[in-house]
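Peer 1: I'd like to go over a predicted model; first the sequence, then the structure.
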Amino acid sequence: MTQYETVRAWLEAMNTHDVEKMFSFCTEDLVGLEVADLHSNDGKKAVADSYTDLFRGFPDCKCKILNIFGGDEQVLTEVRWTGTNTGPFRGETATNKAVDVRIAYIFKFEGDMICRITEYYDGTTVAAQMES
């Protein structure tokens, strides 16, 4: 499987909320960083748990790949992510608000496994959508 195919498979698993499959493509020492929140998770289990929390908070969330490219053991993917916050998320109660945001994911590879996921999105836009 190429790195592009791995990233596409990871995102497809994200769309079906299959945490086990998502993280089957990742190293045990995976690092996940959300730049907008300066939130970092260290280790595959911690990153997987953060997605379990996301899927609980946004049970209808999906992403659509808008752009994908890469090189030098990295793949950058731009997605349009949508979801409605109908469940608890990061210790907060549901807002029942829809979120529609573009996210850039940088997947860094160690061999054929993802070892780092850096996520860029506009946190101000997300916060405004969840309040309005």
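Peer 2: Nice, thanks for sending it over. Numbering: from 1, shown residues only.

Peer 1: my read: Gly32 touches Asn41, true?
Peer 2: Yes. Assessed by C-beta atoms under 8 Å, Gly32 is found in contact with Asn41 at 4.3 Å. (Each C-beta comes from the backbone N, C-alpha and C, glycine too.)

Peer 1: With neighbour numbers in mind, choose between the two.
Peer 2: Between Gly32 and Asn41, counting by other C-beta atoms under 10 Å, Gly32 is the more crowded of the two (21 against 18).

Peer 1: Pull up the gap between the closest residue to that one other than its chain neighbours and Val31, please.
Peer 2: In space, and not counting its chain neighbours, Gly32 is closest to Val47: 3.7 Å by C-beta to C-beta, 6 or more residues apart in numbering. Distance from Val47 to Val31, counting by C-beta to C-beta, to the nearest Å: 8 Å.

Peer 1: which residues do the two both contact?
Peer 2: Shared contacts of Val47 and Val31, defined by C-beta atoms under 8 Å, 6 or more residues apart in numbering, are found at Asn41, Ile117.

Peer 1: Which one of the two is surrounded by more residues?
Peer 2: Legend: neighbour count by other C-beta under 10 Å for Val47 and Val31, higher for Val47 (22 against 19).

Peer 1: which ones are touching that one?
Peer 2: Counting by C-beta under 8 Å, 6+ apart, Val47 has contacts Phe23, Cys26, Leu30, Val31, Gly32, Asn41, Ile117.
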